[in-house]
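1. Next comes the sequence, and after it the predicted model I'd like to discuss.
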Amino acid sequence: MKAVLLMFDSLNRRMLPPYGGDWVHAPNFQRLARRTVTFDNCYIGSMPCMPARREFHTGRYNFMHRSWGPLEPFDDSMPELLSANSVYTHLVTDHTHYFEDGGATYHTRYNSWEFNRGQEGDNWKGFVNPPFAIPPVTRRMERNQNNRMWTQEFINRQYMPTPETQPQALTFSQGIEFIRHNQHEDQWFLHLETFDPHEPFFTHQAYKDLYPDEYDGPLLDWISYGRVTEDVTTVHHLRNEYAALVSYCDDQLGRLLDVMDELDLWRDTLLIVCTDHGLLLGEHDWWGKNVAPWYNENAHTPLFIWDPRCGTADERRNSLVQLIDLPATLLEYFDVPLPVDMEGRPLRATIAADQPVREAALFGAFGGHINVTDGRYVYMRAPAPGNQPLYEYTLMPTHIRTRFTPTELQNATLAPPFTFTKGCPVLRLPGRPWGEPTELATMLFDAQADPGQLHPLQDTAVEARMRSYLIDLMRRNDAPAEQFARLGLADQGG
(Lines give C-alpha, C1' and ligand atoms only; values in the text may rest on other atoms or scores of the structure.)
Protein backbone atom coordinates (compact mmCIF):
# COMPACT_ATOMS: atom_id res chain seq x y z
CA MET A 1 0.00 0.00 0.00
CA LYS A 2 1.17 3.50 -0.88
CA ALA A 3 -0.26 6.95 -0.22
CA VAL A 4 0.33 10.47 -1.52
CA LEU A 5 -1.18 13.49 0.17
CA LEU A 6 -0.88 16.80 -1.68
CA MET A 7 -1.66 19.84 0.45
CA PHE A 8 -1.97 23.35 -0.93
CA ASP A 9 -2.16 26.40 1.34
CA SER A 10 -5.02 28.92 1.08
CA LEU A 11 -6.69 27.18 -1.86
CA ASN A 12 -10.12 28.73 -2.41
CA ARG A 13 -12.66 26.07 -3.48
CA ARG A 14 -14.79 28.63 -5.33
CA MET A 15 -11.91 29.31 -7.71
CA LEU A 16 -11.69 25.69 -8.86
CA PRO A 17 -13.63 24.41 -11.91
CA PRO A 18 -15.00 21.32 -10.05
CA TYR A 19 -16.59 23.74 -7.57
CA GLY A 20 -17.96 26.19 -10.13
CA GLY A 21 -14.90 28.40 -10.70
CA ASP A 22 -15.34 28.33 -14.47
CA TRP A 23 -13.34 31.53 -15.10
CA VAL A 24 -10.11 30.11 -13.66
CA HIS A 25 -7.82 28.18 -15.99
CA ALA A 26 -7.30 24.95 -14.02
CA PRO A 27 -7.92 21.92 -16.27
CA ASN A 28 -5.90 19.58 -14.07
CA PHE A 29 -8.20 20.16 -11.10
CA GLN A 30 -11.03 19.12 -13.41
CA ARG A 31 -8.97 16.11 -14.44
CA LEU A 32 -8.39 15.33 -10.75
CA ALA A 33 -12.12 15.39 -10.07
CA ARG A 34 -12.67 12.80 -12.81
CA ARG A 35 -10.17 10.46 -11.12
CA THR A 36 -11.32 10.93 -7.52
CA VAL A 37 -14.26 11.51 -5.22
CA THR A 38 -14.98 15.23 -4.77
CA PHE A 39 -16.22 16.30 -1.34
CA ASP A 40 -18.82 19.04 -1.22
CA ASN A 41 -18.96 19.46 2.55
CA CYS A 42 -15.39 19.65 3.81
CA TYR A 43 -14.70 22.23 6.54
CA ILE A 44 -11.64 23.55 8.28
CA GLY A 45 -10.90 22.92 11.93
CA SER A 46 -8.23 25.00 13.71
CA MET A 47 -6.80 28.03 11.96
CA PRO A 48 -4.44 29.19 10.60
CA CYS A 49 -1.38 27.34 9.19
CA MET A 50 0.37 25.50 12.04
CA PRO A 51 -2.77 24.94 14.13
CA ALA A 52 -4.21 23.23 11.04
CA ARG A 53 -1.07 21.13 10.66
CA ARG A 54 -1.20 20.06 14.27
CA GLU A 55 -4.68 18.77 13.45
CA PHE A 56 -3.28 16.96 10.43
CA HIS A 57 -0.86 15.13 12.72
CA THR A 58 -3.12 14.51 15.72
CA GLY A 59 -6.68 14.36 14.36
CA ARG A 60 -7.74 16.69 17.20
CA TYR A 61 -8.90 20.30 17.36
CA ASN A 62 -6.16 22.71 18.45
CA PHE A 63 -7.87 26.07 18.76
CA MET A 64 -9.71 25.74 22.08
CA HIS A 65 -6.54 25.14 24.11
CA ARG A 66 -3.79 27.13 22.41
CA SER A 67 -2.91 29.23 19.39
CA TRP A 68 0.07 28.74 17.07
CA GLY A 69 2.79 26.35 18.14
CA PRO A 70 4.74 23.11 17.66
CA LEU A 71 3.57 19.59 18.29
CA GLU A 72 3.36 18.93 22.02
CA PRO A 73 5.30 16.17 23.82
CA PHE A 74 2.03 14.33 24.46
CA ASP A 75 0.71 14.60 20.88
CA ASP A 76 0.22 11.50 18.74
CA SER A 77 1.68 12.32 15.33
CA MET A 78 0.17 10.40 12.42
CA PRO A 79 3.43 10.26 10.38
CA GLU A 80 5.32 9.12 13.46
CA LEU A 81 2.74 6.40 14.12
CA LEU A 82 3.06 5.23 10.52
CA SER A 83 6.85 5.10 10.84
CA ALA A 84 6.56 3.12 14.06
CA ASN A 85 4.45 0.61 12.14
CA SER A 86 6.90 0.05 9.27
CA VAL A 87 5.44 2.63 6.87
CA TYR A 88 8.17 4.88 5.43
CA THR A 89 7.16 8.56 5.58
CA HIS A 90 8.63 11.41 3.55
CA LEU A 91 7.82 15.14 3.62
CA VAL A 92 8.61 17.49 0.73
CA THR A 93 7.60 21.09 1.33
CA ASP A 94 8.28 24.76 0.66
CA HIS A 95 6.19 25.86 3.66
CA THR A 96 8.48 28.15 5.67
CA HIS A 97 6.51 27.98 8.90
CA TYR A 98 7.76 24.45 9.53
CA PHE A 99 11.21 25.91 10.07
CA GLU A 100 10.36 28.76 12.43
CA ASP A 101 10.05 28.62 16.21
CA GLY A 102 6.31 27.98 16.07
CA GLY A 103 6.52 24.94 13.81
CA ALA A 104 9.80 23.36 14.75
CA THR A 105 8.67 19.86 15.75
CA TYR A 106 6.63 18.78 12.72
CA HIS A 107 9.11 17.87 9.98
CA THR A 108 11.18 15.64 12.27
CA ARG A 109 8.23 13.30 12.74
CA TYR A 110 8.91 11.91 9.24
CA ASN A 111 11.56 9.36 8.27
CA SER A 112 13.02 11.92 5.86
CA TRP A 113 12.21 15.39 4.60
CA GLU A 114 13.17 18.04 2.04
CA PHE A 115 12.62 21.79 2.16
CA ASN A 116 12.70 24.37 -0.65
CA ARG A 117 13.47 27.94 0.38
CA GLY A 118 12.09 31.27 -0.71
CA GLN A 119 8.37 31.58 0.05
CA GLU A 120 6.74 34.62 1.73
CA GLY A 121 9.80 36.64 2.64
CA ASP A 122 11.71 33.61 3.89
CA ASN A 123 15.07 34.69 5.38
CA TRP A 124 16.95 33.00 2.56
CA LYS A 125 19.34 34.99 0.35
CA GLY A 126 21.44 37.52 2.23
CA PHE A 127 22.39 41.06 1.18
CA VAL A 128 23.43 43.75 3.65
CA ASN A 129 22.79 46.30 0.88
CA PRO A 130 20.87 44.78 -2.05
CA PRO A 131 22.53 45.63 -5.39
CA PHE A 132 19.18 46.27 -7.04
CA ALA A 133 16.29 48.62 -6.40
CA ILE A 134 13.48 47.35 -4.20
CA PRO A 135 10.09 48.40 -5.65
CA PRO A 136 7.99 50.63 -3.42
CA VAL A 137 5.60 48.91 -1.07
CA THR A 138 1.92 49.61 -1.51
CA ARG A 139 -0.28 49.58 1.57
CA ARG A 140 -1.68 46.20 0.62
CA MET A 141 1.82 44.71 0.56
CA GLU A 142 2.88 45.92 3.99
CA ARG A 143 3.65 42.99 6.26
CA ASN A 144 5.36 44.71 9.19
CA GLN A 145 6.45 48.18 10.21
CA ASN A 146 9.88 48.17 8.60
CA ASN A 147 8.83 46.29 5.43
CA ARG A 148 11.56 43.74 6.05
CA MET A 149 9.49 40.89 4.63
CA TRP A 150 8.86 42.65 1.34
CA THR A 151 12.55 43.49 0.94
CA GLN A 152 13.50 39.86 1.59
CA GLU A 153 10.70 38.64 -0.68
CA PHE A 154 11.95 40.75 -3.59
CA ILE A 155 15.54 39.59 -3.01
CA ASN A 156 14.38 35.97 -3.06
CA ARG A 157 12.51 36.50 -6.33
CA GLN A 158 15.76 37.34 -8.08
CA TYR A 159 16.66 33.66 -7.68
CA MET A 160 13.44 32.46 -9.31
CA PRO A 161 13.80 33.66 -12.91
CA THR A 162 11.48 31.00 -14.37
CA PRO A 163 8.44 29.03 -13.18
CA GLU A 164 10.67 25.96 -12.95
CA THR A 165 12.88 27.66 -10.35
CA GLN A 166 10.06 28.66 -8.00
CA PRO A 167 9.83 26.74 -4.72
CA GLN A 168 6.58 25.02 -5.69
CA ALA A 169 8.03 23.53 -8.88
CA LEU A 170 11.11 22.33 -7.00
CA THR A 171 8.86 20.77 -4.36
CA PHE A 172 6.85 18.86 -6.96
CA SER A 173 10.07 17.75 -8.67
CA GLN A 174 11.39 16.30 -5.44
CA GLY A 175 8.07 14.64 -4.67
CA ILE A 176 8.01 13.07 -8.12
CA GLU A 177 11.63 11.99 -7.64
CA PHE A 178 10.64 10.20 -4.43
CA ILE A 179 7.79 8.45 -6.26
CA ARG A 180 10.05 7.31 -9.10
CA HIS A 181 12.74 6.07 -6.71
CA ASN A 182 10.20 4.08 -4.70
CA GLN A 183 7.60 3.07 -7.29
CA HIS A 184 8.38 -0.64 -6.84
CA GLU A 185 8.49 -0.48 -3.04
CA ASP A 186 5.57 -0.94 -0.68
CA GLN A 187 4.39 0.68 2.55
CA TRP A 188 5.25 4.34 2.05
CA PHE A 189 3.54 7.70 2.53
CA LEU A 190 4.54 10.87 0.69
CA HIS A 191 3.37 14.19 2.13
CA LEU A 192 3.82 16.69 -0.71
CA GLU A 193 3.04 20.23 0.40
CA THR A 194 3.32 23.64 -1.21
CA PHE A 195 2.78 27.05 0.36
CA ASP A 196 1.02 28.29 -2.79
CA PRO A 197 -1.45 29.82 -3.53
CA HIS A 198 -0.90 31.59 -0.21
CA GLU A 199 0.05 35.23 -0.61
CA PRO A 200 2.19 36.76 -2.04
CA PHE A 201 0.72 35.80 -5.41
CA PHE A 202 4.03 35.61 -7.25
CA THR A 203 3.91 34.12 -10.75
CA HIS A 204 5.65 34.71 -14.05
CA GLN A 205 4.15 36.54 -17.00
CA ALA A 206 2.76 33.52 -18.82
CA TYR A 207 0.31 32.96 -15.96
CA LYS A 208 -0.55 36.63 -15.57
CA ASP A 209 -1.37 36.75 -19.28
CA LEU A 210 -4.23 34.32 -18.65
CA TYR A 211 -6.00 37.08 -16.69
CA PRO A 212 -5.63 40.48 -18.39
CA ASP A 213 -7.14 43.45 -16.60
CA GLU A 214 -7.08 47.25 -16.61
CA TYR A 215 -4.91 47.76 -13.53
CA ASP A 216 -2.02 50.15 -14.28
CA GLY A 217 -0.49 50.81 -10.86
CA PRO A 218 2.65 49.68 -9.02
CA LEU A 219 3.51 46.02 -8.45
CA LEU A 220 0.70 44.60 -6.33
CA ASP A 221 0.50 40.88 -5.58
CA TRP A 222 0.57 40.74 -1.77
CA ILE A 223 -2.53 41.43 0.29
CA SER A 224 -2.61 42.50 3.93
CA TYR A 225 -5.43 41.20 6.04
CA GLY A 226 -8.15 43.72 6.73
CA ARG A 227 -10.99 45.67 5.20
CA VAL A 228 -11.21 46.29 1.46
CA THR A 229 -10.43 49.93 0.72
CA GLU A 230 -9.36 49.60 -2.92
CA ASP A 231 -11.35 50.51 -6.01
CA VAL A 232 -13.02 47.86 -8.15
CA THR A 233 -10.16 47.74 -10.68
CA THR A 234 -7.59 47.03 -7.98
CA VAL A 235 -9.75 44.37 -6.33
CA HIS A 236 -10.20 42.70 -9.69
CA HIS A 237 -6.45 42.79 -10.28
CA LEU A 238 -5.65 41.16 -6.94
CA ARG A 239 -8.14 38.39 -7.67
CA ASN A 240 -6.49 37.89 -11.04
CA GLU A 241 -3.06 37.67 -9.39
CA TYR A 242 -4.42 34.95 -7.11
CA ALA A 243 -6.04 33.16 -10.06
CA ALA A 244 -2.72 33.23 -11.94
CA LEU A 245 -1.08 31.48 -9.00
CA VAL A 246 -3.89 28.91 -8.91
CA SER A 247 -3.18 28.21 -12.60
CA TYR A 248 0.48 27.70 -11.73
CA CYS A 249 -0.61 25.28 -8.99
CA ASP A 250 -2.77 23.52 -11.57
CA ASP A 251 0.21 22.97 -13.86
CA GLN A 252 2.19 21.43 -10.99
CA LEU A 253 -0.78 19.23 -10.06
CA GLY A 254 -0.80 18.05 -13.68
CA ARG A 255 2.80 16.87 -13.30
CA LEU A 256 1.79 14.68 -10.36
CA LEU A 257 -1.23 13.28 -12.22
CA ASP A 258 1.00 12.53 -15.22
CA VAL A 259 3.25 10.41 -13.01
CA MET A 260 0.24 8.67 -11.45
CA ASP A 261 -0.87 7.78 -15.00
CA GLU A 262 2.56 6.84 -16.30
CA LEU A 263 3.36 4.48 -13.43
CA ASP A 264 -0.25 3.29 -13.03
CA LEU A 265 -0.16 4.21 -9.36
CA TRP A 266 -3.96 4.30 -9.33
CA ARG A 267 -3.79 0.51 -8.79
CA ASP A 268 -2.41 0.67 -5.26
CA THR A 269 -1.92 4.29 -4.18
CA LEU A 270 -4.26 6.39 -2.08
CA LEU A 271 -4.31 10.02 -3.29
CA ILE A 272 -5.60 12.90 -1.18
CA VAL A 273 -5.57 16.50 -2.44
CA CYS A 274 -6.56 19.11 0.14
CA THR A 275 -5.85 22.50 1.68
CA ASP A 276 -5.69 23.95 5.18
CA HIS A 277 -8.18 26.76 4.49
CA GLY A 278 -9.38 29.15 1.79
CA LEU A 279 -8.87 32.91 1.44
CA LEU A 280 -11.09 35.98 1.38
CA LEU A 281 -10.47 37.94 -1.82
CA GLY A 282 -12.71 40.91 -1.18
CA GLU A 283 -15.85 38.98 -0.30
CA HIS A 284 -17.70 40.46 2.69
CA ASP A 285 -15.37 43.47 2.18
CA TRP A 286 -12.43 41.56 3.70
CA TRP A 287 -9.00 40.45 2.55
CA GLY A 288 -7.28 37.29 3.76
CA LYS A 289 -8.03 35.52 7.02
CA ASN A 290 -7.54 35.71 10.82
CA VAL A 291 -8.92 39.23 11.24
CA ALA A 292 -12.29 38.56 9.59
CA PRO A 293 -14.95 36.11 10.78
CA TRP A 294 -14.51 32.60 9.36
CA TYR A 295 -16.89 32.88 6.42
CA ASN A 296 -17.19 29.99 4.00
CA GLU A 297 -14.64 31.50 1.61
CA ASN A 298 -12.13 30.52 4.29
CA ALA A 299 -13.90 27.69 6.09
CA HIS A 300 -15.49 25.59 3.33
CA THR A 301 -12.62 23.84 1.58
CA PRO A 302 -11.95 21.60 -1.45
CA LEU A 303 -11.12 17.92 -0.93
CA PHE A 304 -10.45 15.15 -3.46
CA ILE A 305 -9.71 11.51 -2.55
CA TRP A 306 -8.93 8.39 -4.59
CA ASP A 307 -8.99 5.13 -2.61
CA PRO A 308 -7.82 2.16 -4.72
CA ARG A 309 -9.63 -0.26 -2.41
CA CYS A 310 -13.05 0.88 -3.63
CA GLY A 311 -12.06 2.41 -6.98
CA THR A 312 -14.73 5.10 -6.88
CA ALA A 313 -14.08 8.03 -9.22
CA ASP A 314 -15.90 10.95 -10.83
CA GLU A 315 -18.47 11.06 -8.03
CA ARG A 316 -19.34 13.59 -5.34
CA ARG A 317 -19.95 13.19 -1.61
CA ASN A 318 -22.12 15.35 0.62
CA SER A 319 -21.14 14.00 4.04
CA LEU A 320 -19.61 16.49 6.47
CA VAL A 321 -15.85 15.91 6.82
CA GLN A 322 -12.85 17.85 8.19
CA LEU A 323 -9.08 18.00 8.16
CA ILE A 324 -9.02 15.95 11.39
CA ASP A 325 -10.38 13.02 9.37
CA LEU A 326 -7.34 12.82 7.08
CA PRO A 327 -4.85 11.42 9.63
CA ALA A 328 -7.47 8.87 10.68
CA THR A 329 -8.00 7.94 7.02
CA LEU A 330 -4.28 7.42 6.46
CA LEU A 331 -3.83 5.34 9.62
CA GLU A 332 -6.78 3.13 8.71
CA TYR A 333 -5.49 2.75 5.16
CA PHE A 334 -2.20 1.35 6.44
CA ASP A 335 -4.00 -0.75 9.09
CA VAL A 336 -2.51 1.21 12.00
CA PRO A 337 -4.75 1.55 15.10
CA LEU A 338 -6.09 5.03 15.80
CA PRO A 339 -4.98 6.70 19.07
CA VAL A 340 -7.74 6.89 21.65
CA ASP A 341 -7.50 10.70 21.67
CA MET A 342 -8.07 11.08 17.92
CA GLU A 343 -11.39 12.79 17.14
CA GLY A 344 -11.18 12.40 13.35
CA ARG A 345 -12.77 9.38 11.68
CA PRO A 346 -11.55 7.28 8.72
CA LEU A 347 -13.31 8.17 5.47
CA ARG A 348 -13.15 4.78 3.73
CA ALA A 349 -16.92 4.21 3.85
CA THR A 350 -17.63 7.87 3.05
CA ILE A 351 -15.48 7.63 -0.08
CA ALA A 352 -17.18 4.41 -1.14
CA ALA A 353 -20.81 5.19 -0.30
CA ASP A 354 -21.13 8.66 1.30
CA GLN A 355 -21.51 7.19 4.80
CA PRO A 356 -21.59 10.06 7.34
CA VAL A 357 -18.94 10.30 10.06
CA ARG A 358 -20.39 13.19 12.10
CA GLU A 359 -23.47 15.33 12.64
CA ALA A 360 -21.60 18.57 13.23
CA ALA A 361 -18.11 20.07 13.09
CA LEU A 362 -16.33 22.79 15.04
CA PHE A 363 -13.95 25.31 13.48
CA GLY A 364 -12.22 28.56 14.34
CA ALA A 365 -9.07 30.23 15.63
CA PHE A 366 -7.87 30.66 19.18
CA GLY A 367 -9.52 33.65 20.83
CA GLY A 368 -12.09 34.31 18.09
CA HIS A 369 -15.51 32.98 17.22
CA ILE A 370 -16.15 29.33 17.91
CA ASN A 371 -18.08 28.12 14.89
CA VAL A 372 -20.12 25.02 14.25
CA THR A 373 -21.76 23.62 11.12
CA ASP A 374 -23.99 20.67 10.39
CA GLY A 375 -23.19 20.94 6.68
CA ARG A 376 -26.10 23.27 6.00
CA TYR A 377 -26.24 25.85 8.77
CA VAL A 378 -23.21 27.71 10.08
CA TYR A 379 -23.37 29.15 13.59
CA MET A 380 -20.70 31.67 14.61
CA ARG A 381 -20.71 32.10 18.37
CA ALA A 382 -19.01 35.35 19.35
CA PRO A 383 -17.25 35.96 22.66
CA ALA A 384 -18.86 38.15 25.28
CA PRO A 385 -17.63 41.76 25.54
CA GLY A 386 -13.97 41.82 26.55
CA ASN A 387 -13.26 38.38 25.04
CA GLN A 388 -12.10 37.09 28.43
CA PRO A 389 -11.07 34.95 30.22
CA LEU A 390 -8.60 33.44 27.74
CA TYR A 391 -5.66 31.16 28.50
CA GLU A 392 -3.19 29.10 26.50
CA TYR A 393 -2.32 25.57 27.59
CA THR A 394 1.00 24.29 26.30
CA LEU A 395 4.37 22.76 27.08
CA MET A 396 5.85 24.33 23.93
CA PRO A 397 5.38 28.09 24.46
CA THR A 398 6.09 29.74 21.11
CA HIS A 399 4.44 32.21 18.78
CA ILE A 400 4.86 32.09 14.99
CA ARG A 401 8.47 33.21 14.75
CA THR A 402 9.45 33.79 18.38
CA ARG A 403 9.52 32.06 21.72
CA PHE A 404 7.33 33.32 24.54
CA THR A 405 9.17 36.10 26.32
CA PRO A 406 10.31 35.81 29.96
CA THR A 407 7.70 38.45 30.77
CA GLU A 408 4.94 36.26 29.35
CA LEU A 409 6.28 33.18 31.13
CA GLN A 410 6.41 34.98 34.49
CA ASN A 411 2.62 34.75 34.53
CA ALA A 412 2.55 30.99 33.90
CA THR A 413 0.95 28.55 36.28
CA LEU A 414 0.73 24.77 36.14
CA ALA A 415 -2.67 23.42 35.11
CA PRO A 416 -3.92 19.86 35.73
CA PRO A 417 -3.81 17.43 32.79
CA PHE A 418 -6.48 17.42 30.10
CA THR A 419 -7.90 14.13 28.88
CA PHE A 420 -5.53 14.11 25.89
CA THR A 421 -2.26 15.15 27.60
CA LYS A 422 -1.44 11.62 28.83
CA GLY A 423 -1.30 12.64 32.46
CA CYS A 424 0.96 15.63 31.83
CA PRO A 425 0.16 18.94 33.53
CA VAL A 426 0.57 21.90 31.20
CA LEU A 427 1.55 25.55 31.45
CA ARG A 428 -1.39 27.92 31.74
CA LEU A 429 -0.57 31.32 30.27
CA PRO A 430 -2.70 34.43 29.68
CA GLY A 431 -3.82 34.28 26.05
CA ARG A 432 -4.22 36.95 23.45
CA PRO A 433 -6.78 36.75 20.65
CA TRP A 434 -5.48 35.82 17.22
CA GLY A 435 -5.65 39.00 15.15
CA GLU A 436 -7.90 41.86 16.14
CA PRO A 437 -11.42 40.96 15.06
CA THR A 438 -13.64 43.97 14.64
CA GLU A 439 -16.79 42.00 13.89
CA LEU A 440 -17.48 39.65 16.75
CA ALA A 441 -21.24 39.42 16.50
CA THR A 442 -22.95 36.06 16.84
CA MET A 443 -24.27 35.07 13.41
CA LEU A 444 -26.29 32.21 11.94
CA PHE A 445 -26.37 31.40 8.21
CA ASP A 446 -28.23 28.94 6.03
CA ALA A 447 -25.36 28.18 3.66
CA GLN A 448 -27.65 26.18 1.37
CA ALA A 449 -30.19 28.96 0.78
CA ASP A 450 -27.61 31.74 1.17
CA PRO A 451 -24.25 30.32 -0.05
CA GLY A 452 -22.65 33.77 -0.04
CA GLN A 453 -23.56 34.21 3.64
CA LEU A 454 -24.94 37.66 2.94
CA HIS A 455 -28.08 37.46 5.08
CA PRO A 456 -27.75 36.41 8.73
CA LEU A 457 -30.64 34.17 9.73
CA GLN A 458 -32.98 34.76 12.64
CA ASP A 459 -34.35 31.35 13.66
CA THR A 460 -34.42 30.53 17.38
CA ALA A 461 -35.05 26.82 16.84
CA VAL A 462 -32.12 26.38 14.47
CA GLU A 463 -29.86 28.50 16.66
CA ALA A 464 -30.75 26.40 19.71
CA ARG A 465 -29.90 23.21 17.84
CA MET A 466 -26.59 24.59 16.56
CA ARG A 467 -25.75 25.91 20.03
CA SER A 468 -26.37 22.42 21.39
CA TYR A 469 -23.96 20.94 18.81
CA LEU A 470 -21.35 23.51 19.75
CA ILE A 471 -21.58 22.83 23.49
CA ASP A 472 -21.52 19.06 23.01
CA LEU A 473 -18.44 19.17 20.76
CA MET A 474 -16.62 21.53 23.12
CA ARG A 475 -17.26 19.15 26.00
CA ARG A 476 -16.14 16.15 23.96
CA ASN A 477 -12.86 17.91 23.23
CA ASP A 478 -12.33 18.81 26.90
CA ALA A 479 -12.44 22.54 26.24
CA PRO A 480 -11.30 24.59 29.26
CA ALA A 481 -14.10 25.96 31.41
CA GLU A 482 -13.14 29.55 30.60
CA GLN A 483 -13.83 28.96 26.90
CA PHE A 484 -17.48 28.46 27.82
CA ALA A 485 -17.37 31.56 30.00
CA ARG A 486 -15.73 33.57 27.22
CA LEU A 487 -18.64 32.70 24.95
CA GLY A 488 -21.27 33.57 27.53
CA LEU A 489 -21.92 29.87 28.20
CA ALA A 490 -20.42 29.68 31.68
CA ASP A 491 -23.19 27.39 32.93
CA GLN A 492 -22.30 24.82 30.25
CA GLY A 493 -18.62 24.29 31.05
CA GLY A 494 -17.04 21.39 32.90
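-> Everything's here; your move.

2. Can you get me the start-to-end distance on stretch 67-87?
-> Using Cα to Cα, to the nearest Å, one end of stretch 67-87 lies 31 Å from the other.

3. next one: stretch 377-392
-> OK, stretch 377-392 end separation, Cα to Cα: 29 Å.

4. What residues of it count as buried?
-> Neighbour-count burial for stretch 377-392 flags 377-383, 387, 390-392 (criterion: 16 or more other Cβ atoms under 10 Å). Any C-beta I mention is one placed from the backbone N, CA and C, and that applies to glycine too.

5. Arrange the residues you listed in CSV, one row each, with distance to Y333 and secondary structure as further columns.
-> Below are those laid out as CSV (distance: Cβ to Cβ, whole Å; DSSP: H, G, I helix; E, B strand; the rest coil):
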residue, distance to Y333, secondary structure
Y377, 32, strand
V378, 30, strand
Y379, 33, strand
M380, 34, strand
R381, 35, strand
A382, 39, coil
P383, 39, coil
N387, 41, coil
L390, 38, coil
Y391, 37, strand
E392, 34, strand
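
6. from the residues you listed, which is closest to W23?
-> For these, the closest approach to W23 (Cβ to Cβ) belongs to V378, at 25.5 Å.

7. Could you report the pLDDT at that closest one?
-> Here the pLDDT value assigned to V378 is 98.

8. cool, N290 as well?
-> Per-residue pLDDT puts N290 at 89.

9. Isn't it up against G367?
-> No: applying Cβ atoms under 8 Å as the test, N290 and G367 come out as separate, 10.4 Å apart.

10. May I ask you to confirm that L245 belongs to a helix?
-> Yes: L245 forms part of a helix when assessed by DSSP: H, G, I helix; E, B strand; the rest coil.

11. From Q30, how far off is it?
-> 18 Å (Cβ to Cβ, to the nearest Å).

12. who's more crowded, those two?
-> A count of neighbours by other Cβ atoms under 10 Å puts L245 above the other of L245 and Q30, at 26 against 13.

13. so what's that one closest to, chain neighbours aside?
-> Leaving aside its sequence neighbours, L245 sits nearest to P197 (Cβ to Cβ, 6 or more residues apart in numbering; 4.1 Å).

14. Might you report the residue contacts of that neighbour?
-> 8-12, 242, 245-246, 248-249, 279 (Cβ atoms under 8 Å, 6 or more residues apart in numbering).

15. repeat that for 7 Å
-> Counting by Cβ atoms under 7 Å, 6 or more residues apart in numbering, P197 makes contact with 8, 10-11, 242, 245-246, 249.

16. got it, and V336?
-> By Cβ under 7 Å, 6+ apart, the neighbours of V336 are 81-82, 85.

17. quick one: contacts for the most centrally placed residue in the chain?
-> The centre of the chain sits closest to D276, judged by Cα atoms, centre = their mean, with a distance of 1.6 Å. By Cβ under 7 Å, 6+ apart, the contact set of D276 is 7, 9, 49, 52.

18. Apply 6 Å and report the result again.
-> 9, 52 (Cβ atoms under 6 Å, 6 or more residues apart in numbering).

19. So it versus M50, what's the distance?
-> Distance from D276 to M50, counting by Cβ to Cβ: 9 Å.

20. and the residue nearest to L245, which of the three is it?
-> Assignment for P197 (three-state DSSP): coil.

21. And it, what's its pLDDT?
-> pLDDT recorded at P197 is 98.

22. again, but for A441
-> pLDDT, A441: 89.

23. try the one 5 residues further on
-> On pLDDT, D446 comes in at 98.

24. How about the contacts made by the residue nearest to it when sequence neighbours are not counted?
-> Of all residues not flanking D446 in the chain, L457 sits nearest, at 5.3 Å (Cβ to Cβ, 6+ apart). Contact partners of L457, counting by Cβ under 6 Å, 6+ apart, are 444-446.

25. Would you format the residues you listed as a markdown table with distance to P302 and secondary structure included?
-> Shown next, in a markdown table, are the contacts of L457 (distance: Cβ to Cβ, whole Å; three-state DSSP):
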| residue | distance to P302 | secondary structure |
| --- | --- | --- |
| L444 | 25 | strand |
| F445 | 20 | strand |
| D446 | 22 | strand |
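
26. Scan the residues you listed and report the most crowded one.
-> F445 leads these on contacts (other Cβ under 10 Å) with 22 neighbours.

27. State the distance from that residue to F29.
-> For F445, the distance to F29 equals 26 Å [Cβ to Cβ].

28. Then R476?
-> Distance from R476 to F29, by Cβ to Cβ: 35 Å.

29. And for H237?
-> Taking Cβ to Cβ, one finds H237 at 23 Å from F29.

30. what about those two, which has more around it?
-> Neighbours around H237 and F29, counted as other Cβ under 10 Å, are more numerous at F29. The numbers are 26 against 21.

31. Look up the closest residue to the more buried one, ignoring the ones flanking it.
-> F29 sits nearest to L16 (Cβ to Cβ, 6+ apart), 4.9 Å away.

32. can you check Y88 too?
-> Here the residue nearest Y88, using Cβ to Cβ, 6+ apart, is W188, at 4.3 Å.

33. Hmm, the one you found is touching T89, no?
-> No: look at W188 against T89 with Cβ atoms under 6 Å: they stay out of range, at 7.4 Å.

34. for the protein, what are the low-confidence residue spans?
-> Residue ranges of the chain with pLDDT under 70: 138-146, 434-439, 493-494.

35. who's sitting farthest from the centroid in it?
-> P131 (36.2 Å).

36. Tell me the secondary structure of that residue, please.
-> Assigned state for P131: coil (three-state reduction, three-state DSSP).

37. likewise W113?
-> Relying on three-state DSSP, one would call W113 strand.

38. Share the number of residues neighbouring it, please.
-> W113 has 17 neighbours, counted by other Cβ under 10 Å.

39. Strands along the stretch 1-150 of the chain, start to end?
-> Assigned by DSSP state E, counting those that start in this stretch, the stretch 1-150 of the chain shows strands spanning 2-8, 37-39, 42-43, 46-47, 88-93, 112-115.
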